[in-house]
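> Please work out how this folds:
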Amino acid sequence: MKGTAAKDSGKSCPVEWTLDVIGGKWKCVILWHVRNRTRRFSELRRLIPGVTQKMLTSQLRQLERDGLIERKIYPQVPPKVEYSISPYGLTLSPILELMCKWGLSHRQGTAAHNRAALQQETSQLTKPNSNSENPANT
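Purely as a prediction, here's the structure:
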């Protein structure tokens, strides 16, 4: 791994080592989008609407530095640059797949939880207040 040896000095947890490489808001999202096909910078910008150009550039450089993606520059005007996952980056595919499955499950579970909470709240609002109907409480 290029570029990460200095980062993991003093760290003893393999999860920390992994997060040093793939941590950050956009790195796993970028890897997800290049895992099956080559993408141009503008494609990635469209696929990840919340990322700024500066952040996308930074994250792509870090992923390339760590050997997870490959950048190919075509000598033409205007310059054409393509990004693809490297063989080393492909070793993260099982993790990315599990993250996708977990995210889908979490989103469905959160939606179901929110619906249940809303139903409970609505049913409490529509229940008559027992204290106001009891003449002994007035």
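> Tyr83: what secondary structure?
For Tyr83, the reduced secondary structure class is strand; criterion used: DSSP: H, G, I helix; E, B strand; the rest coil.
> That one: what's it in contact with?
Listed by Cβ atoms under 8 Å, 6 or more residues apart in numbering, the contact set of Tyr83 reads 30, 34, 38-41, 44, 60, 64, 69-72. Placement of C-beta: from N, CA and C, glycine included.
> which ones among those are found in strands?
Of the positions in the contacts of Tyr83, Arg39, Arg40, Ile69, Glu70, Arg71, Lys72 sit in strands, assigned by DSSP state E.
> Go through the residues you listed and name the one nearest Cys100.
Using Cβ to Cβ, Arg39 comes nearest to Cys100 of the ones in strands among the contacts of Tyr83, at 17.3 Å.
> for the helix or strand containing Lys101, what is the average pLDDT?
Lys101 belongs to helix 93-126 when assigned by DSSP states H and E. Mean per-residue pLDDT for helix 93-126: 84.
> Now that helix: buried residues?
Buried residues in helix 93-126, counting neighbours by 16 or more other Cβ atoms under 10 Å, are found at Leu96, Met99.
> From the chain's centroid, how far away is that helix?
Its chain's average C-alpha position is 17 Å from that of helix 93-126, according to Cα atoms, centre = their mean, to the nearest Å.
> can you check stretch 26-46 too?
What separates the centre of stretch 26-46 from the centre of its chain is 12 Å, taken as Cα atoms, centre = their mean.
> Ok, stretch 50-64 next?
Centre-to-centre, stretch 50-64 and its host chain are 14 Å apart (Cα atoms, centre = their mean).
> pLDDT averaged over it - what is it?
Stretch 50-64 shows an average pLDDT of 96 in the prediction.
> what residue is smack in the middle of the chain?
When the chain is reduced to its mean C-alpha position, the nearest residue by Cα atoms, centre = their mean turns out to be Val29, at 4.7 Å.
> Having no further points to raise, I will conclude here.
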